[in-house]
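Asks: Here you go, sequence then predicted model.
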Amino acid sequence: MVTLLILLNTLAFVYTFFLGDPERIIARYGFVPAHFFASPFTQWPTIFTSMFLHGNLAHILGNMWFLWVFGDNVEGRLGSGRFALFYLLGGVAAALTQGLLMNGDYPMIGASGAISAVLGGYVLLFPQARIMTFLFFILIGVPAWAYLGYWALLQFYNSLGSFAAGAGVAFFAHLGGFIAGLLSVRSFQPGGPRHY
């Protein structure tokens, strides 16, 4: 499922920037909170279509890298079907969190909210897994709880500034997805919740 999601995101990116009109596609298929809350029954598909759109090459590469690194282990624990549902519902939670806190009339796009749910699930399922990262030009292994905990703190810190800055990176979506992943991942495991 991780491979399929990466493929779908890549195909959507190619279509958007090489075969279509990026501005029109993003305006039509991006999630616009103000439009959604004004007419949720007609706008609900954009919660899902927006998860497969990206604004530039760096945007999609960063998101797909995180999905590739962390997603396969979570998928292995949940199974492909449950992982797909977990991923999509995490993206919904992320979009609604951003929309409720920053109810703007600009389109939100990107898989980062859904991937943030995967990160939340990963830190709960694999807290002691070692994440290789550079610290002052030295490659070290950092426990997942520390690496992703630091990432979540950065999202929180940056979200505080987004109230003043307005549109830009959807930091509240990252936080909403991460928290949704933390709270729900055990419910998606085969056989129901487990405690470690």
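Replies: That came in fine, so what should we check first? Remember, it's a predicted structure, so these values are computed and weren't measured experimentally. Residues are numbered from 1 along each chain as shown.
Asks: hmm, who's touching stretch 133-141?
Replies: 130, 131, 132, 142, 147 (CB atoms under 8 Å, 6 or more residues apart in numbering). For the C-beta atoms, the positions are set from N, CA and C on the backbone; glycine is no exception.
Asks: Now with 10 Å, please.
Replies: Applying CB atoms under 10 Å, 6 or more residues apart in numbering, the external contacts of stretch 133-141 come out as 129, 130, 131, 132, 142, 147, 150.
Asks: Kindly report the same for stretch 26-34.
Replies: 12, 16, 20-21, 38, 43-55, 91-92, 94-96, 98-110, 113, 170, 173.
Asks: now do 6 Å
Replies: Contacts to stretch 26-34, defined as CB atoms under 6 Å, 6 or more residues apart in numbering, come from residues 46-47, 49-50, 53, 95, 99, 103-105, 107-109.
Asks: Residue 6 against residue 64, yeah?
Replies: Yes - contact status for residue 6 versus residue 64: in contact at 5.2 Å, counting by CB atoms under 6 Å.
Asks: ok, the two, which is more surrounded?
Replies: residue 64 (21 against 18; other CB atoms under 10 Å).
Asks: number of nearby residues for the nearest residue to residue 30 once chain neighbours are set aside?
Replies: Spatial nearest neighbour of residue 30, chain neighbours left out: residue 107 (2.6 Å); criterion: CB to CB, 6 or more residues apart in numbering. By the measure other CB under 10 Å, the count of residues near residue 107 is 21.
Asks: partners of the helix or strand containing residue 134 in the sheet?
Replies: Counting by DSSP states H and E, the element that carries residue 134 is strand 130-135. If you go by DSSP bridges, strand 130-135 pairs up with strand 138-143 (antiparallel).
Asks: Distance from the chain centre to the partner strand, please.
Replies: 24 Å (CA atoms, centre = their mean, to the nearest Å).
Asks: do stretch 147-165 as well
Replies: Worked out by CA atoms, centre = their mean, stretch 147-165 lies 14 Å from the chain centre.
Asks: what residues does it touch?
Replies: Under CB under 6 Å, 6+ apart, the answer for stretch 147-165 is 119, 123, 131, 171, 172, 174, 175, 178.
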